[in-house]
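Chemist: Provide a 3D model corresponding to the input given below.
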Amino acid sequence: MDIKGLVADHMGHFSVYDIPNVLFVVVVSACLAFVLARWGARQDASTARRTALWGATTALAAALVRSQLPLAVLMLAVAVLGGRGTTAERDPVLLGAMVIGVGCGSGASVIVLLALIPYLLLTRWGLGEKSV
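Modeler: Numbers count the residues shown, from 1 in each chain. Coordinates of the predicted model:
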């Protein structure tokens, strides 16, 4: 098997043309969630950044499960498991890690790898000082 075949095997149900769309929806979702939290709900900057991270995580999950019912059911189970526990345990990083695991496990490792680039930056920005 050559490198091209290996990459194609790990694209999941995505085509090359879907990659910019996935990156775009993750970033736009974070921006819109931040605008809603900061200027709509008048939350402080730290809370608004965390809300933006939740928006980006949700967009990444939705982009991965688009039009695949079995993957959508699996993502729902992951969201329920990630939302259990106390408020302190409801961490967007944990849910993000689970979404990454579902994406890689479903055969879309290349897409997850590429989507992780803006998602990492959004995570650092969303968690602020606590992430260091």
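
Chemist: which parts of the helix or strand bottoming out on mean pLDDT in the chain are buried?
Modeler: Lowest mean confidence among the helices and strands of the chain (mean pLDDT, DSSP states H and E): helix 92-105, at a mean of 74. Going by neighbour count (16 or more other CB atoms under 10 Å), the buried part of helix 92-105 is 92, 94-96, 98-100, 102-104. Heads up, the C-betas are built off the backbone N, CA and C, glycines and all.

Chemist: ditto for stretch 18-28
Modeler: The neighbour-count check on stretch 18-28 (16+ other CB under 10 Å) flags 18, 22-23, 25-27 as buried.

Chemist: and for residue 17, the neighbour number?
Modeler: 7 (other CB atoms under 10 Å).

Chemist: show the pLDDT at it.
Modeler: For residue 17, the pLDDT comes out at 84.

Chemist: cool, residue 75 as well?
Modeler: 78.

Chemist: residues in contact with it?
Modeler: 61, 64-65, 99, 102 (CB atoms under 8 Å, 6 or more residues apart in numbering).

Chemist: try 6 Å
Modeler: 61, 65, 102 (CB atoms under 6 Å, 6 or more residues apart in numbering).

Chemist: restricting to C-alpha, output the helix ranked longest in the chain in CSV.
Modeler: In the chain, taking DSSP state H as the definition, the longest helix is helix 45-65. Extracted in CSV, the C-alpha atoms of helix 45-65 (Å, rounded to 0.1, in the frame of the first residue of the first chain):
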residue,chain,number,x,y,z
ALA,A,45,-14.7,36.9,29.0
SER,A,46,-13.6,33.6,30.6
THR,A,47,-17.1,32.1,30.6
ALA,A,48,-17.7,33.3,27.0
ARG,A,49,-14.4,31.6,25.8
ARG,A,50,-15.5,28.4,27.5
THR,A,51,-18.9,28.7,25.7
ALA,A,52,-17.1,29.2,22.4
LEU,A,53,-15.1,26.0,23.1
TRP,A,54,-18.4,24.1,23.6
GLY,A,55,-19.7,25.5,20.3
ALA,A,56,-16.5,24.4,18.5
THR,A,57,-16.7,20.9,20.1
THR,A,58,-20.3,20.5,19.0
ALA,A,59,-19.5,21.7,15.5
LEU,A,60,-16.7,19.2,15.3
ALA,A,61,-19.0,16.4,16.5
ALA,A,62,-21.7,17.3,14.1
ALA,A,63,-19.2,17.5,11.2
LEU,A,64,-18.0,14.0,12.0
VAL,A,65,-21.4,12.4,12.1
